[in-house]
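**Student:** return a 3D structure for these sequence lines:
(2 chains)
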Protein chains: 2
Amino acid sequence: MKAFCFDVFGTVVDWRTGIAREATAFFDRHGLSACNPYDFADVWRRLYQPSMEDCRAGRRPFTKLDILHRENLDAALNACGIDPNDFQTTELDQLNHAWHRLDPWPDVIDGLTRLKAGYIIAPASNGNVSLLLDMAKRAGLPWDLILGAEVTQAYKPSAPAYTRMADLLDLHPNEICMVAAHNDDLQAARRCGLTTAFVPRVTEHGDGQSIDLYPSQEWDIIATDFNDLADKADY
Amino acid sequence: MKAFCFDVFGTVVDWRTGIAREATAFFDRHGLSACNPYDFADVWRRLYQPSMEDCRAGRRPFTKLDILHRENLDAALNACGIDPNDFQTTELDQLNHAWHRLDPWPDVIDGLTRLKAGYIIAPASNGNVSLLLDMAKRAGLPWDLILGAEVTQAYKPSAPAYTRMADLLDLHPNEICMVAAHNDDLQAARRCGLTTAFVPRVTEHGDGQSIDLYPSQEWDIIATDFNDLADKADY
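**Tutor:** Alright, predicted model coming up:
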């Protein structure tokens, strides 16, 4: 094993709490008390996969996530009964950048720092480079390099998102361990020959979470958090 | 200014000393005393620009630097009267990776570490991602991200090498300061609207160096080394 590559939204950062925090500030500023900020975060996030699917299926050229998120923001506001045309574009753009300002789970910085001493560590995310870079600078994520989706020009779980990453790193796929809290991400990575590590994040979707609580296959590593992953990496 | 992007070969690392060191070990191992390792380094390096020019001019598809270096290694050995067919491929491949194992100039780590606290720092190099990554891990270069030539699919001083970097960083070109010890790199960067910083490396080509001793234009910043650059960045 030479490199650990990480899913970001959900695995490294707690997107739901972060988006709800920024949505709360936005709703308060505009006296919008009817919309629950966690529900809003869930609605916004639910539009994520369908919007990437247009690119994966070739119905739309590869489009970076900041742009997809921005389109989905309008749709999410509408779905919550809020008209996006009531706000200045710059303010909506700023809210859209909430995805650049998400906080990592408490174990992340320590675990990544330990892993970095012996391995290459990088995000393997559908986020765009500037999103992942802003997030890393703000939170102190000690990545060796940033492999955003524009670099591979592919969205996970499409195979090129994994195989082009291996090409860039000049590694055999099995020298790369894909780390994710999502079984479907690991399934796609395994199909491309990558090593796999599952780290459950059982409150990613809130207290009532029903998916990805357990590994769906015998992944190569199963760890409780990033510190446990660092322990298990040094076998 | 949001980001400082650095030329690497010559500006960040002392390629000539590093290549000569590894060539010395190779020549010693094979009893090849006729070839001066510094001359060999110069010969190998002189083939660098012409090989990239084939890609820039469209005579050859974009080909990563590890491959160009490897072809040039055979040519450089031949030019020094050494037949590359006398050696195992794996040994030549290992010598080729000498470019992954170059040491930074003494001021680099301190200067980069200071700059990183206030700015994005990244290589803007013709090196490939794995080359720049190996170099950074070995030497402790604290890059925020690595922008290798495969990422922009262009070799400096072609304009897309600078403009695609700005696109990826989601910055206006003038928010990026290109740092180089080479006037022609800065000239091309300025033509693309980037801010420019000249840091002379007057022994890059050895004691008798005659080029790039002085700035050829009034660059936005002129610094004696990376610590001086960090001083001048915080104006």
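
**Student:** from here on, just use CA atoms for contacts and neighbour counts.
**Tutor:** Fine.

**Student:** and stretch A:146-159 with chain B, contact?
**Tutor:** Yes: on the criterion CA under 8 Å from any CA of the partner chain, stretch A:146-159 is in touch with chain B at A:146, A:150-151.

**Student:** helix or strand for the residue nearest to A:F26 when sequence neighbours are not counted, which one?
**Tutor:** Spatially, and ignoring its direct neighbours in sequence, A:F26 is nearest to A:L95 (7.6 Å; CA to CA, 6 or more residues apart in numbering or on different chains). Per DSSP states H and E: A:L95 is located in helix A:89-96.

**Student:** okay, that helix in CSV with CA atoms only?
**Tutor:** Taking C-alpha atoms only, helix A:89-96 is exported to CSV below (Å, rounded to 0.1, in the frame of the first residue of the first chain):
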residue,chain,number,x,y,z
THR,A,89,-26.9,36.4,-6.9
THR,A,90,-23.8,37.2,-4.8
GLU,A,91,-25.6,36.1,-1.6
LEU,A,92,-26.7,32.8,-3.2
ASP,A,93,-23.2,32.3,-4.5
GLN,A,94,-21.8,32.8,-1.0
LEU,A,95,-24.3,30.3,0.4
ASN,A,96,-23.3,27.9,-2.4
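
**Student:** let me see the mean pLDDT of it.
**Tutor:** Per-residue pLDDT over helix A:89-96 has a mean of 98.

**Student:** just to revisit the earlier point, okay, the residue nearest to A:F26 and chain B: tell me how far apart.
**Tutor:** For A:L95, the distance to chain B equals 17 Å [CA to the nearest CA, to the nearest Å].

**Student:** mind checking how far A:F198 is from B:D184?
**Tutor:** 48 Å (CA to CA, to the nearest Å).

**Student:** neighbour count winner among the two?
**Tutor:** A:F198 (28 against 14; other CA atoms under 10 Å in any protein chain shown).

**Student:** need the pLDDT of the more buried one.
**Tutor:** 98.

**Student:** look at the nearest residue to it once chain neighbours are set aside and say how many residues are nearby.
**Tutor:** Using CA to CA, 6+ apart and skipping residues adjacent in sequence, the residue nearest A:F198 is A:I222, 4.9 Å away. If you count neighbours by other CA under 10 Å, A:I222 ends up with 18.

**Student:** show me the contacts for A:I222.
**Tutor:** Applying CA atoms under 8 Å, 6 or more residues apart in numbering or on different chains to A:I222 gives the contacts A:197-199, A:215, A:229.

**Student:** which members of the residues you listed are the farthest-apart pair?
**Tutor:** Within the contacts of A:I222, A:P215 and A:L229 form the most distant pair, 14.7 Å apart (CA to CA).

**Student:** okay, domains of chain A per the record?
**Tutor:** Domain assignment for chain A by automatic domain parsing gives A:3-14+A:102-233, A:15-100.

**Student:** quick one, what contacts the closest residue to chain B within chain A?
**Tutor:** Across chain A, the shortest distance to chain B (CA to the nearest CA) belongs to A:L145, at 4.4 Å. Residues counted as contacts of A:L145 (CA under 8 Å, 6+ apart) are A:121-123, B:133, B:143-146.

**Student:** quick revisit: buried deepest among the domains of chain A, which one?
**Tutor:** domain A:3-14+A:102-233 (a mean of 19; mean count of other CA atoms under 10 Å in any protein chain shown).
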